[in-house]
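Undergrad: Quick one, what's the 3D model for this:
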Amino acid sequence: MTLKVATLLLALLAAGCAESNFELGDERLPKWVASPETVQKVEVYFWVTGNQTIVVTHRNGDVVRQSAEFSWHPYTVAQGYERYPVYQVAEVNGIREIYMHPCRDNKLYIVDAVPDAGSDIHCDSPN
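TA: Here you go, the predicted structure:
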């Protein structure tokens, strides 16, 4: 029994376990997405291994998995990671975009810019 559990844990670690995942809000899709009119949903996975994956599911069932490099936006570094909204910069194929996480839920939004310090942003407002 112990050997089976150890084997399962090793397999999970080798495959990577999602630490957290978020759904992208409907307002805007990543610029690198081909055929945006066919997109059903976009999810962002942050893995325990430190990798990030953006998964695009199309209405016809096609799924595109794209590795991404995420880093904290300087605004978030300055304000602290526990205060919302928090911002991250994602880069995919040389295209950089700002992702906003407005509150403690599972939604992310792509935004054009980070607001001025002290701006009033609410969880139900992606812009």
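Undergrad: Which pLDDT value goes with the most centrally placed residue in the chain?
TA: Centroid-nearest residue in the chain, with CA atoms, centre = their mean: V44, separated by 3.5 Å. Note for V44: predicted pLDDT of 92.
Undergrad: Could you do the one 5 residues further on as well?
TA: For T49, the pLDDT comes out at 70.
Undergrad: now the protein, which segments are flagged as low pLDDT?
TA: 1-18, 48, 50, 116-127 (pLDDT under 70).
Undergrad: 80 instead, please
TA: 1-19, 26, 48-51, 115-127 (pLDDT under 80).
Undergrad: about what we covered before: what helix or strand is the residue nearest to the centre of the chain on?
TA: Using DSSP states H and E, the element containing V44 is strand 39-47.
Undergrad: hmm, who's touching that strand?
TA: 16-24, 29-30, 33, 52-59, 68, 70, 90, 99, 108 (CB atoms under 8 Å, 6 or more residues apart in numbering). Where C-beta positions appear, they are placed from N, C-alpha and C, glycine not excepted.
Undergrad: Buried residues of it, list them for me.
TA: For strand 39-47, a neighbour-count test (16 or more other CB atoms under 10 Å) marks V39, V42, E43, V44, Y45, F46 as buried.
Undergrad: for stretch 65-75, same thing?
TA: Q66, A68, F70, H73, Y75.
Undergrad: Which ones among those map onto strands?
TA: Q66, A68, F70 (DSSP state E).
Undergrad: quick one: which of those residues is nearest to G80?
TA: Using CB to CB, F70 is the member of those that lies nearest G80, at 17.8 Å.
Undergrad: gap between the closest residue in space to Y84 that isn't next to it in sequence and R28?
TA: Distance criterion CB to CB, 6 or more residues apart in numbering; nearest residue to Y84, sequence neighbours excluded, is C103 at 4.9 Å. Using CB to CB, to the nearest Å, C103 is found at 18 Å from R28.
Undergrad: Equivalent analysis for V111, please.
TA: 8 Å.
Undergrad: got it, and P74?
TA: 22 Å.
Undergrad: And the buried ones among the contacts of strand 39-47, selectable in PyMOL?
TA: Buried subset of the contacts of strand 39-47, written as a PyMOL selection, criterion 16+ other CB under 10 Å:
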select buried, resi 22+24+29+30+33+52+53+54+56+58+68+70+90+99+108
